[in-house]
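Q: Build me a structure from this.
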Amino acid sequence: MDELTLLRSTRDDTLTPSESTLDAGRAALMARIAEPPNPEHLVPKRRRRRPLRRATWIAAGTAAVLTGILVAGNVNLGVQSAQANEVLRQAAAAAVQFSDLAPGAGQYLRITRHEKYPWCEAGANGEMVCAGTNEETTSVYVPANRDDEWVQVRDWGDFPGKDEPETHRARNGDFYGPDEGGFSAPSPEKRFADIPLDGAAAYDWIHAQYVGGSASPDEDDFVRITDLLRSGLVPAPQRAALLDALSRIPGVTSRGDVMNLDGVEGVAIGREEPMRLGNRDEIIVDPATGQVIGERTVSGTTFFGWGVGEVVSSSAMSVAVVDEAP
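A: Presented below is the predicted three-dimensional model:
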């Protein structure tokens, strides 16, 4: 019996943890993250080898220097990844024990996403120019009976050509069609029911869906898992398995004391993609519930006016039960 299965057997869905219990859990995990990582905790894992394109270096001296830098960098990344593994598995354990909000008859689960991102366009000479940022807010109202009509209200902020908030209504959250970011095809319940409840199996399930695209298979795995998690609809048992699966993706690391766009603190889980200039995509997780409470992208190089380590875009997510939808 694995750890997640054991935890599920002790779960009591009739109990909802108090705020003091959640706060204590968050504080304990934040304190653990703040501790310096211990390289002795690293355990080598066997991974399938994949063919990689390698650059041919002309100068042997340059190759030797770069090899030294990469080895040192990989050791440091290994330590950080080991710490992220522990953080994610603790969050998975918390998710198993957490009872998700559930709307009653006639009520709705409201999932709100507030995001801030740069507004960029091509300049007169074809170069990319980022003139400022835009903030938009989207709320999705999911009915207690998922077969009833869903409602989306989207305020585009100062986005060009979007002067008024938009309201969309559709079943299964299919607001723009199945191929345009809707929740359907298949329905959420069908999609989430397919997720294995074991972390290793969930990772294999995600990885088997790779058919090309993205900068790398690892990036594709990370995006697929975080897309599911940020929907706000993944049930706690499947959410726990996906968090565990995230810990198995090479290069995933964690950062504590990170604020989402609305100033709520959580743990940032992310990875840097070498094929995208080292930009780091992160989800921000509430360690007491395993719920995604935001996202952000951190610059890995200097471009379009951002320096290394600056936040390029960020968001905040919240979930609440409400009595009615617009």
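
Q: hey, where'd the helices end up in the stretch 151-300 of the chain?
A: Along the stretch 151-300 of the chain, counting by DSSP state H, counting those that start in this stretch, helices occupy 188-193, 199-207, 217-229, 236-246.

Q: closest to Phe159 out of the ones you listed?
A: In terms of C-beta to C-beta, the element of these nearest to Phe159 is helix 217-229, at 21.9 Å. (Each C-beta comes from the backbone N, C-alpha and C, glycine too.)

Q: Tell me the buried residues in the closest one?
A: Residues of helix 217-229 classed as buried by neighbour count (16 or more other C-beta atoms under 10 Å): Asp218, Glu219, Asp220, Asp221, Phe222, Val223, Arg224, Ile225, Thr226, Leu228, Leu229.

Q: which one of these is nearest Gly270?
A: The shortest distance between Gly270 and any of these, using C-beta to C-beta, involves Phe222 and amounts to 8.2 Å.

Q: which residues touch the closest one?
A: Residues in contact with Phe222 (C-beta atoms under 8 Å, 6 or more residues apart in numbering) are Leu246, Ile249, Val252, Arg271, Asp281.

Q: who wins for most neighbours among the residues you listed?
A: By neighbour count, taken as other C-beta atoms under 10 Å, the most surrounded of the contacts of Phe222 turns out to be Leu246 (30 neighbours).

Q: Am I right that that one is in contact with Arg224?
A: No. Contact between Leu246 and Arg224 fails when scored by C-beta atoms under 8 Å: they sit 10.4 Å apart.

Q: Flag every buried residue along stretch 112-125.
A: Going by neighbour count (16+ other C-beta under 10 Å), the buried part of stretch 112-125 is Thr112, Arg113, His114, Glu115, Lys116, Tyr117.

Q: Quick check: which helices or strands does the helix or strand harbouring the second one pack against?
A: Translated: Arg113. According to DSSP states H and E, Arg113 maps onto strand 108-122. Where contact means 3 or more C-beta pairs under 8 Å, 6 or more residues apart in numbering; DSSP states H and E, strand 108-122 is packed against strand 128-143, strand 311-322.

Q: Deepest-packed of those strands, please.
A: Mean neighbour counts were compared across the helices and strands packed on strand 108-122 using mean count of other C-beta atoms under 10 Å; the top stretch is strand 311-322, at a mean of 18.

Q: quick one: strands adjacent to it?
A: Strand pairing for strand 311-322, determined by DSSP bridges: strand 108-122 (antiparallel), strand 292-298 (antiparallel).
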